[in-house]
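Asker: Fold the following.
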Amino acid sequence: MKDWRLGCITEESIKNLKVLHIKFPDFWQKSYNSKNNFYYYIFNEAARHVKLFGKYEEYLSDDRCVKFFHRNCNFCMNPISADTNIDCYCTEDGMTWICSDCFTDFAQKYDWKTEEINDIVVKNFIPLEISGTVE
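Answerer: Numbering: from 1, shown residues only. Sure, this is the predicted structure:
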């Protein structure tokens, strides 16, 4: 029987994934302190939100831009946030995020390979599409 968390995901599409292991908030704090690629990925995402909605400019100073980073586990939909204490995993392009519980449940079955990282490779990380309406 197919696991409910797979939804419309085909098992073939998730076999042999290479995933990056990220431990928040440590990963974020190191990124903020060194102003590395992940920091600028988050900062640019926050700046695009501010530009679209025309408010919240105060979040572009110091490390508050992290408040704009929210993802959900692509399997169980549990929230993943860079300012909370969580181990998570993502694909090299940043499109698929996996919580530690789903990783534990699926990694061996689908032969996922993990890589410990200190930063992201910006050219591989796809920017989040941001859209909305201003009220």
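Asker: can you give me the strands in the chain?
Answerer: Remark: strands assigned in the chain by DSSP state E are 18-24, 70-72, 79-81, 86-91, 97-99, 113-116.
Asker: I figured Thr91 hits Lys18, correct?
Answerer: Yes - Thr91 is in contact with Lys18 according to CB atoms under 8 Å; the separation is 7.3 Å. Using the backbone N, CA and C atoms, a C-beta is placed for each residue, glycine as well.
Asker: In terms of packing, which of the two has more residues around it?
Answerer: Between Thr91 and Lys18, counting by other CB atoms under 10 Å, Thr91 is the more crowded of the two (19 against 11).
Asker: Look up the residues forming beta bridges with that one.
Answerer: Beta bridges link Thr91 to Val19, judged by DSSP bridges.
Asker: so what pLDDT did Lys15 get?
Answerer: Looking at Lys15, its pLDDT is 92.
Asker: number of nearby residues for it?
Answerer: Neighbours of Lys15 using other CB under 10 Å come to 11.
Asker: same deal with Trp4?
Answerer: When neighbours are defined as other CB under 10 Å, Trp4 has 8 of them.
Asker: Save the strands of the chain as CSV, and put in mean pLDDT too.
Answerer: Shown next, in CSV, are the strands of the chain (pLDDT from 0 to 100):
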stretch, mean pLDDT
strand 18-24, 96
strand 70-72, 95
strand 79-81, 96
strand 86-91, 96
strand 97-99, 97
strand 113-116, 96
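Asker: Just say which of those strands is most tucked in.
Answerer: Comparing these by mean neighbour count (mean count of other CB atoms under 10 Å), strand 97-99 comes out on top with a mean of 23.
Asker: What are the boundaries of the helices in the chain?
Answerer: With DSSP state H as the criterion, the chain has helices at 26-34, 37-53, 100-106.
Asker: And those, which one averages the lowest pLDDT?
Answerer: Across the helices of the chain, helix 37-53 gives the lowest mean pLDDT, at a mean of 93.
Asker: Alright, I will stop here.
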